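>>> just a sequence and a predicted model for now, questions to come.
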Amino acid sequence: MKILKKWQIILICLGLVFTIVSCKGKNTENNEAKEAEATESKTADVKEEVKPVTPEQAGYAFGVILAKTVKDSGIELNSKEFLKGYKAAMKEGFEEKGFMDAEKVLQQAFQEAHVKKMAEKLEASKKFLEEN
């Protein structure tokens, strides 16, 4: 159950990352309209067929984004347990308590990883100051 919380928090964080990334660098509506007009005029002669995203593509993309988030956070996890938690959460009747427990564990893991990173940075700073 502890693993599930980690993944729920990772998923929540991932959602936040997607939101931040998708909002980052957005232009004003006025500039967007101008860009749309320019794009329309450039691609008027070339029409591409937009293919729907397959479940395989979406699953792979989600895995890549999730893995990057985990890697950047410094959290250590077991991929077998991740899959076990994913399958459990996807089953009918998975209780809210399971999500809440998973959320607590994941929050603690993020905190521990953050403390570890900060301790390493502090140590590197002290070493730098001693040498200079």
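Yep, that arrived.

>>> what about the longest helix in the chain?
Longest helix in the chain, counting residues (DSSP state H): helix 96-131.

>>> that helix: which residues count as buried?
Across helix 96-131, burial judged by 16 or more other C-beta atoms under 10 Å covers 98, 99, 101, 102, 103, 104, 105, 106, 107, 109, 110, 113. From N, CA and C alone the C-beta is placed, and that goes for glycine too.

>>> in those residues, find the pair that's most separated.
Pairwise distances across these peak at 22.5 Å for 98 and 113 (criterion: C-beta to C-beta).

>>> so where's the chain shaky on pLDDT?
Within the chain, the segments meeting pLDDT under 70 span 1-47.

>>> if we use 50, what do you get?
Scanning the chain for pLDDT under 50 picks out the ranges 21, 24-29.

>>> now for the longest helix of the chain, which elements pack on it?
Helix 96-131 sits against helix 2-23, helix 55-73, helix 79-90, with contacts defined as 3 or more C-beta pairs under 8 Å, 6 or more residues apart in numbering; DSSP states H and E.

>>> what angle do it and helix 55-73 make?
Angle of helix 96-131 versus helix 55-73, following axes from the mean of the first three to the mean of the last three C-alpha atoms, to 10 degrees, is 40 degrees.

>>> and residue 48, which of the three is it?
Classification of residue 48 by DSSP: H, G, I helix; E, B strand; the rest coil places it in coil.
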